[in-house]
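> Next input, structure requested:
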Amino acid sequence: MAALCVVAAVLLRVFPPGPGSGPAGGRSAAGTGATAEPRVVRVTDTSSAPVRLRIPALGVSAGVLPLALDDGGTLDAPGFRHAMEVGWYAHGPRPGEPGPAVLVGHRDAPANPGTVPVVGGRDDIKNAVFAKLGRLRPGDLVEAELGDGRRVPFRVTSVDTYPTRAFPTELVYGPVPDPQLRLITCGGIIDARGHWDSNVVVSAAAVR
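Numbering: from 1, shown residues only. Model prediction:
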């Protein structure tokens with residue numbers, strides 16, 4: 001069955017909810033790796049919101065879903081039906097604004113979401129949007145396309161893997177003076193509960 005992915009750290013204490021977006025209905029436990037669809041977020045200023053993420057080195061060109069926090073203060077992840085799309089924390093910085101814009105995506109997902117998986121096997125598993133995220137290297141290009149058509153280029157500065165139980169919240173999500181990205185997915189190994197035990201974090205800085 002699909003390994004459950006937990007995006008570590010409680011974002012609420014780092015990025016308090018701000019203006020410009022808000023819940024528009026729906027509930028989700030996707031932030032804990034469940035198959036539920038994430039809660040819908042309404043973005044008011046769509047011209048500066050990201051709509052597509054491109055990573056040429058990985059062949060990724062993915063739509064972006066604006067997401068919020070679950071009831072535990074952890075970022076919702078896209079539901080498995082949207083495993084080839086990226087989730088963006090819509091209450092945090094936008095790509096091109098000062099601070100770390102946070103985007104998350106699945107590493108793998110059920111090939112047929114909503115159906116019963118193969119018991120004890122992985123025949124029903126497919127690669128998801130960030131399956132190869134850990135292969136990025138410093139200097140690789142990441143490009144965020146905004147709602148008004150602008151493309152904001154970033155260059156990878158680091159690729160790190162952190163155990164979920166010892167995730168460095170402030171280091172990853174804390175304030176920075178310049179525009180940056182944080183791309184996050186699952187990593188490490190699959191534990192006895194069927195969870196990935198770590199997170200892969202790619203950091204990128206805007207190209208001046």
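> residue ranges of the strands in the protein, please?
For the chain, strands defined by DSSP state E occupy the ranges 21-23, 41-43, 50-55, 60-67, 86-89, 99-104, 108-110, 125-127, 141-146, 151-163, 179-190, 196-206.
> Export those as TSV, with columns for mean pLDDT.
Shown next, in TSV, are the strands of the chain (pLDDT from 0 to 100):
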stretch	mean pLDDT
strand 21-23	35
strand 41-43	88
strand 50-55	98
strand 60-67	96
strand 86-89	95
strand 99-104	96
strand 108-110	84
strand 125-127	83
strand 141-146	98
strand 151-163	97
strand 179-190	92
strand 196-206	94
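> and those, which is most packed in?
Of all the strands of the chain, strand 86-89 has the most neighbours on average by mean count of other Cβ atoms under 10 Å, namely a mean of 28. Every C-beta, even on glycine, is put in place using the N, C-alpha and C of the backbone.
> Report the strands that pair with it, each with its relative direction.
Strand 86-89 has the following strand partners under DSSP bridges: strand 60-67 (parallel), strand 99-104 (antiparallel).
> Which residues does the longest one contact?
Yep, that's strand 60-67 we're talking about. Outside strand 60-67, the residues that touch it by Cβ atoms under 8 Å, 6 or more residues apart in numbering are 21, 38-39, 41, 43, 49-54, 75-78, 82, 84-90, 103-105, 129-130, 144.
> Just give me the residue closest to the centre of the chain.
Among the residues of the chain, the one closest to the centroid is residue 104, at 0.4 Å (Cα atoms, centre = their mean).
> State the distance from it to residue 178.
Residue 104 sits at a distance of 21 Å from residue 178 (criterion: Cβ to Cβ, to the nearest Å).
> go on, residue 132?
Look at residue 132 and residue 178: by Cβ to Cβ, they are 27 Å apart.
> before we move on, what about residue 130?
In this view, residue 130 and residue 178 are 24 Å apart by Cβ to Cβ.
> ok so, going back, could you redo the strands of the chain as TSV and give each row distance to residue 173?
Below are these laid out as TSV (distance: least, Cβ to Cβ, whole Å):
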stretch	distance to residue 173
strand 21-23	17
strand 41-43	18
strand 50-55	17
strand 60-67	15
strand 86-89	9
strand 99-104	6
strand 108-110	24
strand 125-127	26
strand 141-146	18
strand 151-163	12
strand 179-190	7
strand 196-206	10
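> can you tell which of those is closest to residue 170?
strand 99-104 (11.1 Å; Cβ to Cβ).
> that older thread, the more surrounded of residue 132 and residue 178?
residue 132 (15 against 11; other Cβ atoms under 10 Å).
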